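[1] build me a structure from this.
(chains A and B)
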Amino acid sequence: MIGFERAGLFVLLILVPPILWWLHRRREIPHHHEVSSLLLWRRVFDDPALSAPRRPRVLPLVLEGLAAAALITAAAGPYLKTPGATGVSVTVLIDRRPGMGATRAGGGVTRLAVAIDRLEAWLAGLPPGTRLRVLTVPPTSGSGSVFSRGDSRLGTWLRAIEPARHPGDFQAAVEGLTAFSGLRMVVTDEKAPTEEEGPSGLFWLSVGEAGENAGIVWARVLPPEDAGPGRRLSVGVLNGGSRPASRRLDIATADRTAALARIRLDPGRVWHRDDLSIPAWAAARPFTIRLISSGAPDQLGADDVVSFRPEPGREIALVSGESVPTEVLAALGALGTDVVQVREANAIGKRPTLYWKTLPPADAAPPFLLVATVGRFGGLRFGPAYRPLDLVPGEGWTEVSGVQPYPRRVVNALEVDIEGATSWVVELYATTSRGARIPLVLRHDPDEVTVLAFDPVRDAPAWPKAESFPALFYRAFGQSGESHSVHGLLSAADTELGKTRSDPAPPPETVPKSGEEERHALHAWVLVLALTALAVIWLLEV
Amino acid sequence: MGRTDQVVVKVFGREEETTVDLLLDHTASMGIGRPRKAETGRQLAAAMGYLALHSRHRLRLGLLDHSAGGTLRGPYVGLESAPMFLGDLERVGGPNGSAAGAGLKAYLNRNRRPGAVVVISDGLEEGDLGEALAHLGGVARDSTLFHLLSPEELDPPQRGRSVLEEVEGRKILSLEIGPSAIARYRAELAEFRAGWERLCHGHGVDYRAVCSGDSLEGIVIGWYQARHAR
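    Predicted structure coming up:
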C-alpha cells in the first residue's frame, strides 16, 4: 500500500495544466530577431533534415506533464507500507535479582523459573523471523545476545539463567529498554508501574502471586501524642517463607538514605517495632522505607517499599506502594479514619482490596464494619469466636452492593452490624475475578481490630482454617471519634479509584504478533521517473 | 634610420612613401553585435591608422559600401595629422549601406596599384566581395583582411521558433532553432571562415579572423606578431 507523507502537495497538480499550456503557447509563439545576415542560416536550413516538417508537439507536452506530476509526487514523499516482513523485533529484560529466587512458602519453582516458562510460551506464539534480544539485570553471561525465533539455543540459555546473589539497577535497566526499537518487555516480579512512574511503551510480564512470603506487612507513623520528641514509625515484617530471612530496613528521602534496623527472622515469624525513629531530615518530607535484600537467597521476594507522605495534623499510614490506594487512603484519612489497606505484600498488578472502618460503639449504637473488596463474596460467617456459624447472607448484616456511587473496583461492600459483642469474628469468603478465593477474617477484640487476609490458595479446602496457610497480619490501633455513612466513604473512595489506570499492562497474548509496519521511501524512484521524462523530452527536441 | 634621428618601425613596409589605405565595411550588417562590429572596426581602423602614421606612411581612409564610390579621405601624413584622421574616423556615421563588394571594386577601379590595404569587414555577402578581395590581393603590395564577426554570429543565442530578419535588405526567414540547427550553424560558420581564409591565402591577402568582443590590443598585437613571424 502506498502512502504519502505530504499528501497536501498534490493540490499543486491543479497548477500543472495551465503552466504547461502557457509553456506550450510560449514555445509556439515565434521570437523575432534582427540579424546581420541570413547567409549562414539559409545554408543551415538548406539541410533536408532540418527542413523536415515539425514533428507533433503532443508527446513532449505529455512528457512534460508527466515530469511535473512526478516531481510533485516525489515532493509529496511517497512511501510503500509493508508489514514487518522480517518478523517482530523483541527486546526482553529479565529480572534476575535475588527476589526472583523466591518460591512459594511450601517450596517449589522459583519466580524466575515461572517467568521463563511464561516467556517461552509467549515467544512460541510470535511469527517466524522474530529477532529476540534478551537482557538480564543484573547482567549475566550472554546478556544482550540476539536470537532468532525457533533457535534452540535460546531455550537452553533462558533456562540456564539463575537468580543473582546481588541486586542490580533494575530501574536503570528498564529505562534503558527505551533505546531499543520494536517490542520491549520486562519480565519481573515487580508490579507494572503507572504511566507516571515508568517509561511508556513497555509490556510487563509479571510473576509472583499476591501475598507470597510477606515482607512489610504494616507501617504507620505514630501520632505525635503517642511519641516523645520526634516522630516514630511502627513497622511490622513477616517472614512467610520457609527459610530464615535477613534484611535491612532503610529509610530514604530523595537525596538521603539511612538504615533503620537490621531484621533477622525465622520462618513464619513477625518482626515489629513501634519505636523506629524517623530522622529529622525525613520528618517533614516524603520518604520511603525499604526492606532491602542483603543478597542472601531468602523467600521474601522483591524489595518492599512503603511510601509516606506527611500530612499536617494527621497521620496516615500508607501500607502500599500503589498510588491509587495512596490517594484513596489520603481521602479517607481526610475523613479522620484509621484506614488500613490489606496489603498483599509483593503483590503484582493487584488492585486495592479492602477498606474498612470501625465506628466506636456508642453506648447504644452497635459497631459496624464496612468491608469493601474486589471480588464477590461467596459466603459469610459471623460469630464471637473463630468458628463457622451457619449464617446466610441477610442475617445480622446488610449487604451494600451495586455499581454507583460505589467504587467501580469494589464489587461488594458489606456493612456488618455487630451487636453487643465485645469480641467478634467475621469471616468472608471472597472470590476474586480470577476465581481465586480470598478468605478474610476480621477479629475484633475490645481494644483492637485485627484483620487477617490469606493468600489465595488454589488447592485449599472448601473452608480453610487460619492455621493451614500463611497469613498477613494487619493491625489497626485506635478508633476514630467520628461516624461516617457508608455512602460517604464509598463515594470518596470512588472518586479516587476513578483515577486509576483502567487496565493492567496487556498480557502477552494481546501483544500484536506482526512486526512494525515498515515504510520504504519511494521519492527517489519517482524522481528518476521525472528525470527520465525530461531526458526524453530533451532528446525529442534534439 | 629615416630622415630623422628617431628609430621608426615600418609596419607596412620599409618605404616611407607607402600609402596605407584603411577600408572599413560600412554596410548595415556591421551595425549588429554586442559590441557592434562597426565600433570595433572603427577602433581597429584607428589603431592601424595610428601605426601607419607613426611609421610615417601616408594614410587614407575609405568606406566600403555601394554608395562610397571608392572615395578616400586623407591623405594623413605624420603623427601631427592623427587628430584629423581620428576626427574623420569618428565622424563616420552608422553603417547603413550595402554591397561592400561593390565598394571594394569601386576602390580598385580608382586605385589600380594600391600600396598597403587593410580591409575590415564581416564578409557576410556572397559574390562581389570575394572577387574584389581576390583582385586586391593580386594588385596591392600588402593587403590584410580583418574578418570581423560579432559574438552572436559566432554563437547564436536564438532558440525555438524564431523569425530572423536580415538588417540588410530586410529579408525574413522563419525557422525553428534547436540544438541540431545550432550545431549545423557552427559547422557552416567554420566553413565560411575557412573559405575566406583559403581565398585570402590563395591571393596573397593576410587573413585575420577576429571578433568584436576581442580586445583591441589582442587583435593588433596578434596581427603584428603574425607579420613579424613571416
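
[2] stretch A:10-24 - what's its average pLDDT?
    Mean pLDDT, stretch A:10-24: 86.

[3] in the stretch 101-250 of chain A, what residue comes closest to chain B?
    Proximity of the stretch 101-250 of chain A to chain B (Cβ to the nearest Cβ) peaks at residue A:181, 52.0 Å away. Heads up, the C-betas are built off the backbone N, CA and C, glycines and all.

[4] burial check on that residue, number of neighbours?
    9 (other Cβ atoms under 10 Å in any protein chain shown).

[5] isn't it right up against residue A:131?
    No - assessed by Cβ atoms under 8 Å, residue A:181 is found out of contact with residue A:131, at 10.8 Å.

[6] can you list residues touching both of the two?
    residue A:89 (Cβ atoms under 8 Å, 6 or more residues apart in numbering or on different chains).

[7] before we move on, the earlier item: where does the residue of the stretch 101-250 of chain A closest to chain B land in three-state SS?
    Judged by DSSP: H, G, I helix; E, B strand; the rest coil, the three-state class of residue A:181 is coil.

[8] what count of nearby residues applies to the closest residue to it other than its chain neighbours?
    The shortest distance from residue A:181 to any non-neighbouring residue, by Cβ to Cβ, 6 or more residues apart in numbering or on different chains, is to residue A:89 (6.2 Å). For residue A:89, the count of nearby residues is 19 (other Cβ under 10 Å).

[9] what sits up against whichever helix or strand residue B:76 is part of?
    Taking DSSP states H and E as the definition, residue B:76 sits inside strand B:72-77. Contacting residues not belonging to strand B:72-77 are listed as B:19, B:21, B:49, B:53, B:56, B:58-62, B:81-82, B:84-85, B:88, B:107, B:110-111 [Cβ under 8 Å, 6+ apart].

[10] sheet partners, orientation included, of it?
    Pairing partners of strand B:72-77, with direction, according to DSSP bridges: strand B:58-64 (antiparallel).

[11] list the residues that contact residue 71.
    Because you didn't say which chain, this covers chain A. Counted by Cβ under 8 Å, 6+ apart, residue A:71 has contacts A:526-527, A:530.

[12] you answered for a different chain; I wanted chain B.
    By Cβ under 8 Å, 6+ apart, residue B:71 lies in contact with B:62, B:110.

[13] need the contact partners of the host helix or strand of residue B:221.
    Element membership for residue B:221 (DSSP H and E) is helix B:216-229. By Cβ under 8 Å, 6+ apart, the residues outside helix B:216-229 that reach it are B:11, B:40, B:43-44, B:47-48, B:51, B:144, B:146, B:206, B:208, B:210.

[14] and if you look at stretch A:157-170?
    A:94-101, A:110, A:112, A:116, A:119-120, A:134, A:136-140, A:142, A:145, A:147, A:188, A:190, A:292-293, A:295-297, A:303.

[15] flag every residue of chain B that's near chain A.
    B:28-33, B:37, B:122, B:124-126, B:150, B:152-153, B:158, B:160-168, B:171, B:173-176, B:178-181, B:184-185, B:188-189, B:192 (Cβ under 8 Å from any Cβ of the partner chain).

[16] any of those residues buried? List them.
    Among these, the ones that count as buried by 16 or more other Cβ atoms under 10 Å in any protein chain shown are B:28-33, B:37, B:122, B:124-125, B:150, B:152-153, B:158, B:161-162, B:164, B:166-168, B:173, B:175, B:178, B:181, B:184-185, B:188-189, B:192.

[17] Three-state assignment for residue B:83, please.
    helix.

[18] what's the answer for residue B:93, then?
    With three-state DSSP as the criterion, residue B:93 reads coil.

[19] listing partners with orientation, what would you give for the helix or strand bottoming out on mean pLDDT in chain B?
    In chain B, no helix or strand scores lower on mean pLDDT, DSSP states H and E than strand B:172-177, which sits at a mean of 85. Sheet pairing for strand B:172-177, assigned by DSSP bridges, gives strand B:160-166 (antiparallel).

[20] for the partner strand, the averaged confidence score.
    Rounded mean pLDDT across strand B:160-166 is 88.

[21] same thing with stretch A:165-174?
    Here the average pLDDT along stretch A:165-174 is 78.

[22] buried residues in it?
    A:167-168, A:170, A:173-174.

[23] with just CA atoms, put that stretch into PDB.
    Provided in PDB are the C-alpha atoms of stretch A:165-174 (Å, rounded to 0.1, in the frame of the first residue of the first chain):
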ATOM      1  CA  ARG A 165      23.000 -13.100  44.600                       C
ATOM      2  CA  HIS A 166      23.400  -9.400  44.400                       C
ATOM      3  CA  PRO A 167      20.900  -6.700  43.400                       C
ATOM      4  CA  GLY A 168      21.200  -4.800  40.100                       C
ATOM      5  CA  ASP A 169      20.000  -1.400  39.000                       C
ATOM      6  CA  PHE A 170      16.600  -2.600  37.800                       C
ATOM      7  CA  GLN A 171      15.200   0.900  37.200                       C
ATOM      8  CA  ALA A 172      18.100   1.900  35.000                       C
ATOM      9  CA  ALA A 173      17.800  -1.300  33.000                       C
ATOM     10  CA  VAL A 174      14.100  -0.700  32.400                       C
END
